[in-house]
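In: Following is a predicted model, sequence given first.
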Amino acid sequence: MKRAVLLLAVVSSACAGRINDEGWRPFAEWSYATRIGTIIHESAWLFAAIESVHLLGLAAMGGAILLVDLRLLGLGLGDEPLRDLARDAQRVLLVGLAVMLTTGSLLYLSEATKFYSVDFWGSAEFPFIYKMLFLALALLFTFTVRRRALASEAPVTRGVLPLVGLTSMLLWLCVAVGGRGIGFY
Amino acid sequence: MVEWLAATRGSIALHESQYMYVIVESVHVLTLCLFVGFSALLDLRLLGWLLRRVPVSKIVGRLMPWTVAGFVVMIVSGALLFYAIPVRSYHSIFFRIKVVLLILAGVNAWVFHAGIWRLRTSWDLDRVPPPRARVAGALSLVLWAAIIVAGRLIAYNWFDCDHPLPRVVVTLTGCAQEQQ
């Protein structure tokens, strides 16, 4: 737990320190010019196709996260054994996550230069950095604190479990809102 | 009809407001997680891939209120999105495909409920439900995935009426195009 908090602090300050740093520009330009990035942004329909698959991943992953987080709050399948439920949901979550990370990386490559701008607040850079920051936090939380909570034998909701569920939902909601935000620029 | 809708004050306000449209659109997309996410979990149970130890009727009973809530949000926000841009949506080929797929998904759900679901007492606890339930689950997964893709593509203007379109697309979209 202490290690997780420390890691959170390091990741968030690293991200914050990088915001609008000239250091991003070469990476953004290199990403955009990669073979894959070029193929996607030169195609009329590839971006739309990848984006659609990104949404399919969202639905799968979102459902799996919500099912277990609601269970932690005693809602939905609130009386099912947590470990069984979590194990099954985790499979869907991992598949969804793999789809989202793959398609997300492709989407990034195809429009990487959009995420570097002198106008931080008025460009896609702000929602992008914000999304990546929360993505790092959400992943860290999911695979440390939440994972440990799900392995507990607790038959009913008690103690810290509802808090874990709420935090998880909130973190992932921030990631999703950031992702939606990118689309507006 | 859609032109009359487009001329209503609410439609114009929604279309021109900087934030309302964006908010409604975001709600529509993010509610996917709840509605399609939970439907997909039920479908996976019907396929016998997930939550095999939980009775199907229990999953339906417990998740249905959430799924229905998600569905209502989807329908209301979706209707508002249509209301904001009625003429273009009405002629959008992807919107039309989406409506057809939605009807098919509805028929699939109805066939399931009127059929094998009535006999559930005999297979409720089965780890892998009978073929008819599995088919319903698989069809539902495929249809909802296609609905998401069609919905996303409505945003693209590839086949809008003001583009030169192949004759088959003109027929399908009902666009009034000048013959070139």
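Out: All right, it came through fine.

In: Angles on the backbone of the residue nearest to A:Leu161 when sequence neighbours are not counted, please.
Out: Spatially, and ignoring its direct neighbours in sequence, A:Leu161 is nearest to A:Leu72 (4.7 Å; C-beta to C-beta, 6 or more residues apart in numbering or on different chains). Every C-beta, even on glycine, is put in place using the N, C-alpha and C of the backbone. Main-chain torsions, A:Leu72, degrees, to the nearest 10: phi -60, psi -30.

In: I figured A:Glu111 was touching A:Ser31, is that so?
Out: No - between A:Glu111 and A:Ser31 there is no contact under C-beta atoms under 8 Å: 9.2 Å.

In: In chain B, which helix is the longest?
Out: In chain B, assigned by DSSP state H, the helix with the most residues is helix B:56-84.

In: got the buried residues for that one?
Out: Across helix B:56-84, burial judged by 16 or more other C-beta atoms under 10 Å in any protein chain shown covers B:56, B:58-60, B:62-63, B:66-67, B:70-71, B:73-74, B:77-78, B:80-84.

In: so where's chain A shaky on pLDDT?
Out: For chain A, applying pLDDT under 70 flags the ranges A:1-2, A:4-5, A:8-21, A:153-158.

In: Just the closest residue of it to chain B, please.
Out: Using C-beta to the nearest C-beta, the point where chain A gets nearest to chain B is A:Gly63, with a distance of 2.0 Å.

In: Enumerate the residues of chain B near chain A.
Out: Listed as neighbours of chain A in chain B under the rule C-beta under 8 Å from any C-beta of the partner chain: B:22, B:26, B:29-30, B:32-34, B:36-41, B:44, B:50-51, B:53-54, B:58-59, B:62-63, B:66, B:144-145, B:148-149, B:152-153, B:156, B:158.

In: hmm, back to that, residues near the residue of chain A closest to chain B, how many?
Out: For A:Gly63, the number of neighbouring residues by other C-beta atoms under 10 Å in any protein chain shown comes to 30.

In: so which strand or helix has it?
Out: Assignment of secondary structure by DSSP states H and E places A:Gly63 within helix A:46-72.

In: and that helix, what other elements does it pack with?
Out: Contacts of helix A:46-72 with other secondary structure elements, assessed using 3 or more C-beta pairs under 8 Å, 6 or more residues apart in numbering or on different chains; DSSP states H and E, are made with helix A:35-42, helix A:82-110, helix A:161-182, helix B:20-46, helix B:56-84, helix B:131-153.

In: Spell out which residues of chain A are next to chain B.
Out: Counting by C-beta under 8 Å from any C-beta, the residues of chain A that sit close to chain B are A:44-45, A:48, A:51-52, A:55-56, A:58-67, A:70, A:76-78, A:80, A:84-85, A:88-89, A:91-92, A:173, A:176-177, A:180, A:184.

In: coming back round to it: setting the sequence-adjacent residues aside, check what's closest to the residue of chain A closest to chain B.
Out: Leaving aside its chain neighbours, A:Gly63 sits nearest to B:Gly37 (2.0 Å; criterion: C-beta to C-beta, 6+ apart).

In: same thing with A:Val95?
Out: The shortest distance from A:Val95 to any residue that is not its chain neighbour, by C-beta to C-beta, 6+ apart, is 6.4 Å, and that residue is A:Ala60.

In: do the same with A:Tyr116
Out: By the measure of C-beta to C-beta, 6+ apart, the closest residue to A:Tyr116 outside its immediate chain neighbours is A:Ala28, 4.2 Å from it.

In: Convert stretch A:49-68 to PDB, retaining C-alpha atoms only.
Out: Listed in PDB are the C-alpha atoms of stretch A:49-68, where the atom choice follows Å, rounded to 0.1, in the frame of the first residue of the first chain:
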ATOM      1  CA  ALA A  49     -12.400   1.400 -38.000                       C
ATOM      2  CA  ILE A  50      -9.700   1.400 -35.200                       C
ATOM      3  CA  GLU A  51     -11.700   3.900 -33.200                       C
ATOM      4  CA  SER A  52     -14.800   1.700 -33.400                       C
ATOM      5  CA  VAL A  53     -12.900  -1.200 -32.100                       C
ATOM      6  CA  HIS A  54     -11.600   1.000 -29.300                       C
ATOM      7  CA  LEU A  55     -15.300   1.600 -28.400                       C
ATOM      8  CA  LEU A  56     -16.000  -2.100 -28.400                       C
ATOM      9  CA  GLY A  57     -13.100  -2.600 -25.900                       C
ATOM     10  CA  LEU A  58     -14.600   0.200 -23.800                       C
ATOM     11  CA  ALA A  59     -18.000  -1.500 -23.500                       C
ATOM     12  CA  ALA A  60     -16.400  -4.900 -22.600                       C
ATOM     13  CA  MET A  61     -13.900  -3.400 -20.100                       C
ATOM     14  CA  GLY A  62     -16.500  -0.900 -18.600                       C
ATOM     15  CA  GLY A  63     -19.000  -3.700 -18.000                       C
ATOM     16  CA  ALA A  64     -16.400  -5.900 -16.300                       C
ATOM     17  CA  ILE A  65     -15.200  -3.100 -14.000                       C
ATOM     18  CA  LEU A  66     -18.700  -2.000 -13.100                       C
ATOM     19  CA  LEU A  67     -19.800  -5.500 -12.300                       C
ATOM     20  CA  VAL A  68     -17.100  -6.000  -9.700                       C
END
